[in-house]
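Novice: 3D, please:
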Amino acid sequence: MNKKVLTVLITILMIAVVTATVVLFLYPYSPDNPPQANDTGSTQQGIQEVVNANNQFTFDLYSELNQDKESNIFYSPYSISAALAMTYEGAKGQTADEMKSVFHFPNDNILRPNFAAIYNTINEGNNAYELKTGNALWVQHDYPFLEDYTNRVEKYYGGKIANLDFVKETEKSRQTINSFIEEQTNNKIQDLIPKGVLNAMTRLVLTNAIYFKGTWEWEFDKSDTRDQNFKVTPTNIVKTPMMYMKNEKTEFNYADVENLQILELPYKGEEISMLVLLPKQGEDYDYETGEMVTAEYTLEDIELSLEKLNEYKNQMQETKLEVIYLPKFEFDSKYFMKETLSSLGMPTAFKDDGGADFSGMDGTRNLFIDKVIHQAYIKVDEKGTEAAAATAVVMGFTSAGPRTVFRADHPFIFIIQEKGTGNILFLGRVVDPTKQ
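Specialist: Residues are numbered from 1 along each chain as shown. Okay, here's the model as predicted:
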């Protein structure tokens, strides 16, 4: 080989090795290999307490986001809770009390080992689907965070530290964090932290990312998908690709309750499923009275709470559904959550005048939450579902009878959950499946 060519190849190789080394140095860990958390002391009862806290927050947040009636909604309550749980570990006084109330966190001795157990379970791995999550602390390299705080976050949340320079290399720091999140979410969450969010006063960014890709236990046949009507409202009808399944294979977990139908669609692996909550609309035959009845319920008629969801689920049973219709959809969402979380009851954490107390992080009251950013992505098609979400907490420094047809041709709510614990990983609302 020509010596000149060989020299060039060796130079390129060395540059690649150096670049990879720099990236690995900046990242707290390999994005595909999140560290384990210490779940010693976790119990089934404790895990259920933390799951209940997450699920209660899920519906509290939905009530806030639901004030906008026209937009699709999608978020990961788990991701938001994880990022804010790490933040909560450094909160004191009223700041901690408000955060605990908003997220329904149990006492520390319950929260820590059982949050760790849930985190480890998500990352166990399964050949049938892909599910993973990871936490990180991105710190100003010369800022004196308390070792007790950082050790605790790493121990119970797997939140390893990466040192950055927000003061002198603000943009490079932003790009590093965003790049890490992209790799964690298979490039589905991009540009989580927009330009201008970080500045020379940023001292800490806490991040969580979660990614899921699963195949339906019983897939829809692509050849059966047709453009059909979807009633956004009675007067606003759009055409959308509607998946169709003439079910001759199995029974589905299903219930016809009050003013809605609820259907569980399992993913391969039998540990993750999607619940679809569909308001009753149109004509149906009432087996008890022998008459046709007309229903025109909407999402506003569905009571959505932790207690109500459990009530619905308790009424579900294996049912033979003749036909299932479900629209294909794909969209993403982004929320800047300062006002939302303040409205839910934790305004003190955002006070930049010394009112916030995160002295558990650095021994001072100089830190406050500057931004909470949440971004999520969902794609549902004939094969299955791909979903991803990430959350960044930016800490600033300051001085009737069984139905046989399930037709989701109008707005509905969906929940992706861990079947065993009921832990809600994602929740969404489809108002218009044609919008991205």
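
Novice: Dump stretch 336-346 to PDB, restricted to CA.
Specialist: The C-alpha trace of stretch 336-346 is given here as PDB (Å, rounded to 0.1, in the frame of the first residue of the first chain):
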ATOM      1  CA  PHE A 336     -42.300  23.500  29.000                       C
ATOM      2  CA  MET A 337     -43.700  22.600  32.400                       C
ATOM      3  CA  LYS A 338     -42.900  25.400  34.800                       C
ATOM      4  CA  GLU A 339     -46.400  26.800  34.800                       C
ATOM      5  CA  THR A 340     -48.100  23.400  34.700                       C
ATOM      6  CA  LEU A 341     -46.100  22.100  37.700                       C
ATOM      7  CA  SER A 342     -46.600  25.400  39.600                       C
ATOM      8  CA  SER A 343     -50.300  25.100  39.000                       C
ATOM      9  CA  LEU A 344     -50.200  21.500  40.400                       C
ATOM     10  CA  GLY A 345     -48.800  22.800  43.600                       C
ATOM     11  CA  MET A 346     -45.000  23.300  43.500                       C
END
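
Novice: can I assume E382 sits in a strand?
Specialist: No - under the criterion used here (DSSP: H, G, I helix; E, B strand; the rest coil), E382 is coil, not part of a strand.

Novice: ok, now how distant is it from N123?
Specialist: 28 Å (Cβ to Cβ, to the nearest Å). All C-beta spots, glycine's among them, are computed from the backbone N, C-alpha and C.

Novice: As a check, name the ranges of all helices in the stretch 1-150 of the chain.
Specialist: Using DSSP state H, counting those that start in this stretch, the helices of the stretch 1-150 of the chain run over 3-26, 44-65, 77-88, 93-103, 108-122, 147-157.

Novice: pLDDT weak spots in the stretch 301-436 of the chain?
Specialist: Segments of the stretch 301-436 of the chain classed as low confidence (criterion: pLDDT under 70) are 399-404.

Novice: can you give me the strands in it?
Specialist: 317-319, 323-327, 329-336, 367-380, 384-397, 405-407, 412-418, 424-430 (DSSP state E, counting those that start in this stretch).

Novice: Nearest to V293, out of those strands?
Specialist: V293 sits nearest to strand 405-407 of all the strands of the stretch 301-436 of the chain, at 14.7 Å, using Cβ to Cβ.

Novice: coming back round to it: any chance of JSON lines for the strands of the stretch 301-436 of the chain, columns distance to G90 and mean neighbour count?
Specialist: Shown next, in JSON lines, are those (distance: least, Cβ to Cβ, whole Å; neighbours: other Cβ atoms under 10 Å):
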{"stretch": "strand 317-319", "distance to G90": "46", "mean neighbour count": "12"}
{"stretch": "strand 323-327", "distance to G90": "43", "mean neighbour count": "20"}
{"stretch": "strand 329-336", "distance to G90": "22", "mean neighbour count": "17"}
{"stretch": "strand 367-380", "distance to G90": "8", "mean neighbour count": "23"}
{"stretch": "strand 384-397", "distance to G90": "9", "mean neighbour count": "24"}
{"stretch": "strand 405-407", "distance to G90": "46", "mean neighbour count": "17"}
{"stretch": "strand 412-418", "distance to G90": "28", "mean neighbour count": "22"}
{"stretch": "strand 424-430", "distance to G90": "25", "mean neighbour count": "24"}
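
Novice: Output the ones you listed in JSON lines; the columns should cover distance to K222.
Specialist: Formatted as JSON lines, the strands of the stretch 301-436 of the chain follow (distance: least, Cβ to Cβ, whole Å):
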{"stretch": "strand 317-319", "distance to K222": "25"}
{"stretch": "strand 323-327", "distance to K222": "13"}
{"stretch": "strand 329-336", "distance to K222": "15"}
{"stretch": "strand 367-380", "distance to K222": "13"}
{"stretch": "strand 384-397", "distance to K222": "12"}
{"stretch": "strand 405-407", "distance to K222": "19"}
{"stretch": "strand 412-418", "distance to K222": "20"}
{"stretch": "strand 424-430", "distance to K222": "20"}
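
Novice: Out of those, which is closest to A91?
Specialist: strand 367-380 (9.5 Å).

Novice: Pull the number of nearby residues for L131.
Specialist: The tally of other residues near L131 (other Cβ atoms under 10 Å) stands at 24.

Novice: I meant N127, not that one.
Specialist: Other residues close to N127 by other Cβ under 10 Å number 7.

Novice: same thing with K160?
Specialist: 17.

Novice: go on, the one 5 residues further on?
Specialist: By other Cβ under 10 Å, the residues close to D165 number 13.

Novice: List the residues that contact it.
Specialist: By Cβ atoms under 8 Å, 6 or more residues apart in numbering, the contact set of D165 is 140-141, 172-173.

Novice: Please repeat the previous calculation with a cut-off of 6 Å.
Specialist: D165 makes contact with H141, according to Cβ atoms under 6 Å, 6 or more residues apart in numbering.

Novice: Nearest residue to Q190 in space, please, no chain neighbours.
Specialist: Spatially, and ignoring its direct neighbours in sequence, Q190 is nearest to E182 (5.5 Å; Cβ to Cβ, 6 or more residues apart in numbering).

Novice: The one you found and D224, how far apart?
Specialist: On the measure of Cβ to Cβ, E182 and D224 end up 35 Å apart.

Novice: Of those two, give the one with the bigger neighbour count.
Specialist: Neighbours were counted for E182 and for D224 using other Cβ under 10 Å; E182 has more, 19 against 13.

Novice: Just the CA atoms of the helix or strand where that one lies, as PDB, please.
Specialist: In the assignment (DSSP states H and E), E182 maps to helix 170-184. This file holds the C-alpha atoms of helix 170-184, laid out as PDB (Å, rounded to 0.1, in the frame of the first residue of the first chain):
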ATOM      1  CA  THR A 170     -22.700  26.600  26.900                       C
ATOM      2  CA  GLU A 171     -23.600  25.500  23.400                       C
ATOM      3  CA  LYS A 172     -21.200  22.600  23.400                       C
ATOM      4  CA  SER A 173     -22.700  21.400  26.700                       C
ATOM      5  CA  ARG A 174     -26.200  21.700  25.200                       C
ATOM      6  CA  GLN A 175     -25.200  19.700  22.200                       C
ATOM      7  CA  THR A 176     -23.600  17.000  24.300                       C
ATOM      8  CA  ILE A 177     -26.800  16.500  26.400                       C
ATOM      9  CA  ASN A 178     -29.000  16.500  23.400                       C
ATOM     10  CA  SER A 179     -26.800  14.000  21.600                       C
ATOM     11  CA  PHE A 180     -26.900  11.600  24.600                       C
ATOM     12  CA  ILE A 181     -30.700  11.800  24.700                       C
ATOM     13  CA  GLU A 182     -30.900  11.100  21.000                       C
ATOM     14  CA  GLU A 183     -28.800   8.000  21.400                       C
ATOM     15  CA  GLN A 184     -30.900   6.800  24.300                       C
END
